[in-house]
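S.K.: Predicted coordinates and the sequence they were generated for:
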Amino acid sequence: MPSDKSSSVMFDAALLQDVNLTKYGISFKDEKQTPTNPEPGIVIRPLAADDFEKGYTDVLAQLTKVGEVDQAAFTARFEAMKKAGFYYPIVVEDTQVDNGKGGKIIGTGTLEIEQKFIHSCALRGRVEEVVVDSEYRGRQLGKLILGIITELSRSLKCYKTTLECKLDNIAFYEIFGYKEDPEKFMQLRFRD
């Protein structure tokens with residue numbers, strides 16, 4: 001594993017800088033606050049190779065079934081996704097948690113990019129796995145995650161970005177301009 005800090009993250013953190021979230025009603029009272037540093041001790045950044053130790057899969061488990069994922073499996077998947085170059089998972093880290101591992105992952109969301117032939121070989125974004133730790137909800141972190149992912153999709157020139165959500169969450173996603181599509185989502189599961 002490379003020791004260079006920049007090579008241990010999924011993608012270049014500079015892509016998250018200078019996002020403007022005011023159109024989504026997200027603003028900050030203190031000029032020291034930014035979308036990637038919204039409050040003291042809270043950092044929003046790309047997923048890093050050492051985030052398994054900081055509880056990344058624990059926060060995902062608050063959203064869905066994670067299954068058996070150990071450090072080796074996490075590292076292998078991290079490296080494969082990084083190599084593919086079309087995955088943009090971000091995490092919210094509470095750097096003030098003293099767990100002996102350098103902080104705690106308290107939220108996440110992922111932008112996946114699909115390459116298409118349609119729309120002049122365009123890119124399509126897909127929002128996946130947006131979740132905030134139950135102890136940290138109500139602090140606008142979900143809004144920050146979705147706003148950053150949406151703006152990242154725009155800056156990467158996706159022709160559209162889609163997501164799947166529960167009916168109870170439609171109003172939340174509409175704040176960011178997402179609309180119900182007349183087409184119906186269908187699936188065929190081969191396992192749970």
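M.R.: Alright, I've got the coordinates.

S.K.: Around the nearest residue to residue 48 once chain neighbours are set aside, how many other residues sit close by?
M.R.: Nearest residue to residue 48, sequence neighbours excluded (Cβ to Cβ, 6 or more residues apart in numbering): residue 9, at 4.9 Å. C-beta coordinates here come from the backbone N, C-alpha and C atoms, glycine included. Residue 9: 20 surrounding residues under other Cβ atoms under 10 Å.

S.K.: With the one 5 residues further on instead?
M.R.: As a burial measure, residue 14 scores 9 neighbours (other Cβ under 10 Å).

S.K.: Look at it and give its secondary structure.
M.R.: At residue 14 the chain is in helix, as set by DSSP: H, G, I helix; E, B strand; the rest coil.

S.K.: Also residue 187?
M.R.: Recorded secondary structure, residue 187: coil (three-state DSSP).

S.K.: Ramachandran coordinates for it?
M.R.: Note on residue 187: its backbone torsions stand at phi -150, psi 160 [degrees, to the nearest 10].

S.K.: Looking at it now. What's its pLDDT?
M.R.: Residue 187 carries a pLDDT score of 86 in this model.

S.K.: Tell me how far it lies from residue 167.
M.R.: Applying Cβ to Cβ, to the nearest Å, the value for residue 187 to residue 167 is 16 Å.

S.K.: wouldn't residue 133 be in contact with residue 106 here?
M.R.: Yes. Between residue 133 and residue 106 there is a contact under Cβ atoms under 8 Å: 4.2 Å.

S.K.: Give me the common contacts of those two.
M.R.: residue 59 (Cβ atoms under 8 Å, 6 or more residues apart in numbering).

S.K.: All set, thanks.
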